[in-house]
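Engineer: I'll drop the sequence and a predicted model, then ask my questions.
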Amino acid sequence: MDKVTVYTDGACSGNPGPGGWAAILVAGSHKKEISGGEPATTNNRMELLGVISALELLKRPCQVELFTDSRYIEQAINDGWLISWKKRGWRRKDGELKNPELWQRLDGLLSTHSVTVRWVKGHGTNELNNRCDELAVAEREKFR
């Protein structure tokens with residue numbers, strides 16, 4: 001299985017408001033940056049789209065080390081929230097789950113790839129996380 005390292009980030013001005021997402025994929029000596037955005041969105045949607053967009057780029061199952069500064073995404077995957085939401089019909093135990101269609105897309109991708117999720121401090125010393133933030137903010141600014 002090919003090994004890929006992925007960094008992702010999302011940015012939103014207001015919540016909801018204009019937003020952007022970004023991802024950087026690194027495989028061996030190859031590096032690819034991707035980004036996008038929406039005129040009216042939320043921070044969590046942008047964080048999710050960064051992860052989803054990166055994993056959807058992979059043409060075959062890969063071993064992925066995913067770095068995100070989103071505790072929401074990291075905990076949803078690592079602490080089993082995603083599995084619980086799926087068992088409940090894409091609902092939280094106390095009600096509605098926001099962005100169920102995105103969580104469903106992500107769940108399918110997690111079934112395809114072997115993904116290890118690691119949390120990294122946002123706006124810290126991690127160069128690739130900071131680059132993702134720059135790309136996501138630039139996408140967000142296109143809608144302002």
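Structural biologist: Received it, and whenever you're ready, just let me know what you need. If you're wondering where the values come from, they're calculated on a predicted model, not measured in any experiment.
Engineer: please state the offset of stretch 64-80 from the chain centre?
Structural biologist: Relative to its chain's centre, stretch 64-80 lies at 8 Å (C-alpha atoms, centre = their mean, to the nearest Å).
Engineer: ok, residues contacting it?
Structural biologist: 3-10, 44, 47-48, 50-51, 54-55, 58, 81-82, 85, 103, 110, 113-123, 126, 128-129 (C-beta atoms under 8 Å, 6 or more residues apart in numbering). (Each C-beta comes from the backbone N, C-alpha and C, glycine too.)
Engineer: what about 6 Å?
Structural biologist: Contacts to stretch 64-80, defined as C-beta atoms under 6 Å, 6 or more residues apart in numbering, come from residues 4-8, 44, 47, 82, 113, 115-120, 122, 129.
Engineer: distance between the ends of stretch 35-48?
Structural biologist: 12 Å (C-alpha to C-alpha, to the nearest Å).
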